[in-house]
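Trainee: Fold the following and give me the result.
(one chain, ligands or ions: 2)
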Amino acid sequence: LSSSNVNRIQKTHYLADLKKSADTDVCLAGWIHKKKARSDALSITLRDSTGIFEISVRRKSTSPSLMKQLLSATIESTIAIRGRMKDGRFTPTQARILSLAEKKPPINVSTLKTLDSLDYLKERYLMIRHPKMVTILKLQNEICEATREFMRKQKYTEIQAPIIGPATDPGIRGARRVYFDYYGNTRYSLMSSMILYKQMAVCSLERIYAFSPNIRLEPEHSQLTGRHLAEFWQVDIETAFATYEKAMDLAEKLLGYVCKQVKERSPKLLRQLDRDLRLPKIPYKRITYSEAIEILKSLGHDVRFGEEIPWDAEETLSRHFDNPFWITNYPITARGFYYLPNPDSPDLLRDMDLIYPEGYGEAASGGEREYEYQKVLSRIKSSNEDPESYGWYLNMLKYGVPPSAGLGIGLERLTRYICGSKKVWEATPFPKVPGIISP
Ligand code: AMP
Ligand code: MG
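Mentor: Ligands and ions are numbered 1, 2, ... in the order given. Here you go, the predicted model:
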């Protein structure tokens, strides 16, 4: 530390590590979270990625120039403060404002209690500093880490997901895809999901997963659901030669493992969010789509067989259960062409949705895949899609694609569920909410 100097901004300690280091010179660096001037002292609450730390600066034992500098620092300014730490008390000796913030920021992260309002999305650069947001992002990191651990133990290979391609997931219902011109003669799109590529990857690796980015311009009114983003990530899993029952078994264990690890490793973070996360009980209940429709009718919902379950009905159903559960065997009319129909009842698919309890709604969708060239071709045609636009995919199916099953778990929705957040845009650093312009 002797060579360090506040002008060179050698941050020596993160705030959470501070108290342990008694009787040393330290250089702190972070943001002004709160500031309060009293007649005898100035109280500055400093914030960094690890927490907050209140510094009390006594007027009579502080040089006028340092006092003046500290008084001039507005909240959200970035500041480095050098001083002496002794007996858990910090006495500043030198300070440097690295970046002075304008007065009265549109979001005061030290006083704002909830993160769910749409109003603050455009100032995400401030909201991301909110202590609750920091906690959520740290929990999301734990979720990703636990996912990777679990999938590795199951001997799955993580692959890099595609971002663009000439064909993407056709089954995105009301959402629009984003197309762009690829070198003048081919129309490419941003991936709305990597489903078609998962079938390619299992042809060599058999057991794969990826953190895959998805772009779907969902209708503007989906803002109201609190669970739709225009850009999101899936934990996308696919297993060659597996049934949808096996895919469900795997996903149950994965979700169980992730919840358990997060709870064990990060109890403090969950406490900061007041989240009492119940560990899912395995196995999860599996009800058929028809049974789900019956339950919904009995709960007074106007739902019709053959259609996708509307999100408000699904939320009702989700509140009806206290453990995650599956809805299986959707009608063929409700889903994309790549799901395999049931041989005994070809109007129904060998597919499933995973639904969180407590009203959080859909967690994942998946199923067994259609994998034979002729069958896929006729499914594409009967869903009024143009086979031409699935060029490489159809070619691939001529060369030994195995039956497979898998699913995609929305990462932001998983984060929302684990954190107990109201809205999905609280569960990601840079949310793109349908229809809203934001960073
Ligand atoms: P899908 O294949 O459309 O069911 O998408 C797979 C999973 O991704 C869903 O079960 C959700 O968890 C998640 N997901 C789908 N659409 C969105 C969206 N617009 N915003 C956030 N997550 C989504
Ligand atoms: Mg779905």
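Trainee: which element is the residue in the stretch 1-150 of the chain that ligand 1 sits nearest to on?
Mentor: Per CB to the nearest ligand atom, residue 143 is where the stretch 1-150 of the chain lies closest to ligand 1, at 13.1 Å. Backbone N, C-alpha and C define where each C-beta goes, glycine included. Assigned by DSSP states H and E, residue 143 falls within helix 131-153.
Trainee: looking only at pLDDT, what's the mean for that helix?
Mentor: The average pLDDT for helix 131-153 rounds to 98.
Trainee: what comes into contact with that helix?
Mentor: Counting contacts by CB atoms under 8 Å, 6 or more residues apart in numbering, the residues outside helix 131-153 that touch it are 47, 49, 52, 109, 115, 127-128, 158, 209, 211, 235, 237, 253-254, 257-258, 261-262, 265-266, 269-270, 272-273, 411, 414-415, 418-419, 421, 426-429.
Trainee: quick one: the helix or strand that that helix is followed by to chain centroid distance?
Mentor: Sequence order places strand 157-158 as the next helix or strand after helix 131-153, per DSSP H and E. Distance, stretch centre to chain centre, for strand 157-158: 20 Å (CA atoms, centre = their mean, to the nearest Å).
Trainee: Are stretch 341-352 and ligand 1 in contact anywhere?
Mentor: No. With CB under 6 Å from any ligand atom as the threshold, stretch 341-352 lies outside contact range of ligand 1, at a closest distance of 9.9 Å.
Trainee: Would you mark the buried spots in the helix holding residue 143?
Mentor: 132-140, 142-144, 146-147, 150-151 (16 or more other CB atoms under 10 Å).
Trainee: circling back: give me the subset of the contacts of helix 131-153 that lies in strands.
Mentor: Residues from these lying in strands, with DSSP state E as the criterion: 47, 52, 158, 209, 211, 235, 237.
Trainee: Just the buried residues out of these, in PyMOL syntax.
Mentor: Command for PyMOL that selects the buried part of these, burial taken from 16+ other CB under 10 Å:
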select buried, resi 47+52+209+211+235+237
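Trainee: Grab the two from the ones in strands among the contacts of helix 131-153 that are most spread out in space.
Mentor: With CB to CB as the measure, no two of these lie farther apart than 52 and 237, at 38.9 Å.
Trainee: still on that earlier bit, and the helix holding residue 143, how far out from the chain middle?
Mentor: When C-alpha coordinates are averaged (CA atoms, centre = their mean), helix 131-153 and its chain have centres 9 Å apart.
Trainee: Just the CA trace of that helix, in PDB.
Mentor: Presented in PDB, the C-alpha positions along helix 131-153 are these (Å, rounded to 0.1, in the frame of the first residue of the first chain):
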ATOM      1  CA  PRO A 131     -28.600  -3.200  -4.100                       C
ATOM      2  CA  LYS A 132     -31.500  -5.500  -4.900                       C
ATOM      3  CA  MET A 133     -30.500  -5.600  -8.500                       C
ATOM      4  CA  VAL A 134     -27.000  -6.500  -7.500                       C
ATOM      5  CA  THR A 135     -28.300  -9.300  -5.400                       C
ATOM      6  CA  ILE A 136     -30.500 -10.700  -8.200                       C
ATOM      7  CA  LEU A 137     -27.600 -10.600 -10.600                       C
ATOM      8  CA  LYS A 138     -25.400 -12.500  -8.200                       C
ATOM      9  CA  LEU A 139     -28.100 -15.100  -7.700                       C
ATOM     10  CA  GLN A 140     -28.400 -15.400 -11.500                       C
ATOM     11  CA  ASN A 141     -24.700 -16.100 -11.600                       C
ATOM     12  CA  GLU A 142     -25.200 -18.900  -9.000                       C
ATOM     13  CA  ILE A 143     -28.000 -20.300 -11.100                       C
ATOM     14  CA  CYS A 144     -25.800 -20.500 -14.200                       C
ATOM     15  CA  GLU A 145     -23.000 -22.000 -12.200                       C
ATOM     16  CA  ALA A 146     -25.200 -24.700 -10.600                       C
ATOM     17  CA  THR A 147     -26.700 -25.400 -14.000                       C
ATOM     18  CA  ARG A 148     -23.300 -26.000 -15.500                       C
ATOM     19  CA  GLU A 149     -22.200 -28.200 -12.600                       C
ATOM     20  CA  PHE A 150     -25.300 -30.300 -12.900                       C
ATOM     21  CA  MET A 151     -25.100 -30.800 -16.600                       C
ATOM     22  CA  ARG A 152     -21.500 -31.600 -16.400                       C
ATOM     23  CA  LYS A 153     -22.200 -34.300 -13.800                       C
END
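Trainee: Spell out which helix or strand contains residue 83, please.
Mentor: With DSSP H and E as the criterion, residue 83 is inside strand 78-86.
Trainee: Give the partner strands of that strand in its sheet and their orientations.
Mentor: Strand partners for strand 78-86, identified by DSSP bridges, are recorded as strand 24-37 (antiparallel), strand 89-99 (antiparallel).
Trainee: got a list of contacts for that strand?
Mentor: Surrounding strand 78-86, the residues in contact under the criterion CB under 8 Å, 6+ apart are 4-6, 9, 11, 18, 21-32, 46, 55, 73, 90-99, 101.
Trainee: Tell me how many other residues crowd residue 202.
Mentor: 24 (other CB atoms under 10 Å).
Trainee: For it, give me its contacts.
Mentor: Residues touching residue 202, when contacts are defined by CB under 8 Å, 6+ apart, comprise 208, 238, 239, 240, 402, 404.
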